[in-house]
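> return a 3D structure for these sequence lines:
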Amino acid sequence: MSTVISPLSVVADGVTLGDGSVVEEFCVIGRSGPTDEKTVIGDGATLRTHTVLYAGNTIGPRFATGHHALVRESNTIGENVSIGSLSVVEHHVTLGDRVRIHSQCFIPEFSVIEEDAWIGPRVTLTNAPFPRCPSVSTCMKGVHIERGAKIGANATILPGVRIGAGAIIGSGTVVTRDVAPGAVVVGNPGRQTKTTDELTCPAGLDHRPYPPVESIGASA
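Here you go, the predicted structure:
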């Protein structure tokens, strides 16, 4: 498979771009920054217009970005991951296989998002308990989202919070404390109202909307 790079984009020296990848117009791939580490992107990537990806990232196959996505340095990103338009992923972030980050999201440094997690539009993760504190760099703590969890649009997750596997965070929820696996949490501050096992199909179909937590990712 051939790789296609627009002549209107910049792919820096030290970038390894896998076979069958496409780099659309006005992208900057391997932008120099705090690290001079090489950037490795797996086969079949699609980097859409105005994507900026700093040097020092390790990214698996079938990576995709929307338009105007920004990915900073020193991140580890798995296979079949997508980052939507206008989203920002800061440095030292870990994204597992098949993670979906939708448009206009903010994923700060030290965040961990495990495989099969889904991040809805305009979700904000945070990592600074006291912004502008003189010691903020020593007390930052990223959010950890476990496998298969789903975060609804416009939700905000506070620093250091852990979202359990398969949990669902409702749209607009502000999550201030850890969430149990399989919990459904809504409101401000977020409160558990039920579990995913208790959810029913709003269209009246005879099926469970989500599989048991233990089966998430098993067929991937």
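
> count the residues that sit near residue 36.
10 (other Cβ atoms under 10 Å). The C-beta positions use only the backbone N, C-alpha and C, and glycine is treated the same way.

> do the same with residue 105
Residue 105 has 24 neighbours, counted by other Cβ under 10 Å.

> contacts only, for the closest residue to it other than its chain neighbours.
Spatially, and ignoring its direct neighbours in sequence, residue 105 is nearest to residue 87 (4.3 Å; Cβ to Cβ, 6 or more residues apart in numbering). Taking Cβ atoms under 8 Å, 6 or more residues apart in numbering, we find residue 87 in contact with 66, 69-70, 101-107.

> closest one of the residues you listed to residue 56?
When the contacts of residue 87 are compared for distance to residue 56 (Cβ to Cβ), residue 70 wins out at 14.2 Å.

> that closest one touches residue 89, doesn't it?
Yes. Look at residue 70 against residue 89 with Cβ atoms under 8 Å: they come within range, at 7.1 Å.

> who has more neighbours out of the two?
Taking neighbours as other Cβ under 10 Å, residue 70 and residue 89 compare with residue 89 leading, 26 against 18.

> correct me if wrong: residue 43 contacts residue 62.
Yes. Counting by Cβ under 8 Å, residue 62 is a contact partner of residue 43 at 7.3 Å.

> show me which of these two is the more surrounded one.
More crowded of residue 43 and residue 62, by other Cβ under 10 Å: residue 62, with 20 against 16.

> from residue 39, how far out is that one?
Distance from residue 62 to residue 39, counting by Cβ to Cβ, to the nearest Å: 16 Å.
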